[in-house]
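Undergrad: For reference, the sequence and a predicted model appear below.
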Amino acid sequence: MDVAKILEELKAERLRIESAIESLERLALGRRRRGRPPGWMTEAKRRGRPPGSKNKTHNATTARTSTAAA
């Protein structure tokens with residue numbers, strides 16, 4: 001392997017580890033925040049309906065009624 005490539009991969013790994021340590025340190029502070037959570041906490045959250053949601057979308061109900069009428 002090329003030594004330059006190994007160094008590049010190790011530096012990238014170090015950056016990932018440092019960012020993980022920073023995130024854990026922020027969580028370890030344990031301060032109760034009021035209001036909207038900071039952006040770095042909300043990046044990982046998923047948006048939209050959870051899988052298996054009982055609420056139907058408009059398209060699903062119109063498709064079902066049009067097939068029942070036919």
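TA: Received the coordinates, thanks. In this text the structure is predicted, and so the values were computed from the model without any measurement.
Undergrad: Let me see the mean pLDDT of the longest helix anywhere in the chain.
TA: Scanning the chain for the helix with the most residues, using DSSP state H, yields helix 3-29. For helix 3-29, the mean per-residue pLDDT is 91.
Undergrad: counting contacts, what elements does that helix pack onto?
TA: On a contact count with 3 or more CB pairs under 8 Å, 6 or more residues apart in numbering; DSSP states H and E, helix 3-29 meets no helix or strand. Glycine gets a C-beta too; all of them are placed from N, C-alpha and C.
Undergrad: give me that answer again for 10 Å
TA: The contact analysis (3 or more CB pairs under 10 Å, 6 or more residues apart in numbering; DSSP states H and E) places helix 3-29 against helix 39-42.
Undergrad: what's the neighbour count on residue 37?
TA: The local packing of residue 37 (other CB atoms under 10 Å) involves 9 other residues.
Undergrad: whoops, residue 12 was the one
TA: For residue 12, using other CB under 10 Å, the count is 10.
Undergrad: Residue 23 now?
TA: 13.
Undergrad: any idea how far it is from residue 37?
TA: 13 Å (CB to CB, to the nearest Å).
Undergrad: Ok, residue 52 next?
TA: Relative to residue 37, and taking CB to CB, residue 52 is found at 26 Å.
Undergrad: same thing with residue 28?
TA: 16 Å.
Undergrad: Please apply the same query to residue 17.
TA: 23 Å.
Undergrad: go on, residue 6?
TA: For residue 6 relative to residue 37 (CB to CB), the value is 38 Å.
Undergrad: Name the surrounding residues that touch stretch 2-12.
TA: residue 1 (CB atoms under 10 Å, 6 or more residues apart in numbering).
Undergrad: Using PDB, write out the CA atom coordinates for that stretch.
TA: In PDB, the C-alpha atoms belonging to stretch 2-12 read as follows (Å, rounded to 0.1, in the frame of the first residue of the first chain):
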ATOM      1  CA  ASP A   2       1.000   3.500  -0.600                       C
ATOM      2  CA  VAL A   3       2.100   5.400   2.600                       C
ATOM      3  CA  ALA A   4       0.400   8.600   1.500                       C
ATOM      4  CA  LYS A   5      -2.900   6.700   1.100                       C
ATOM      5  CA  ILE A   6      -2.600   5.200   4.500                       C
ATOM      6  CA  LEU A   7      -1.900   8.600   6.000                       C
ATOM      7  CA  GLU A   8      -4.900  10.100   4.300                       C
ATOM      8  CA  GLU A   9      -7.200   7.300   5.600                       C
ATOM      9  CA  LEU A  10      -5.900   7.700   9.100                       C
ATOM     10  CA  LYS A  11      -6.400  11.400   9.100                       C
ATOM     11  CA  ALA A  12     -10.000  10.900   7.900                       C
END
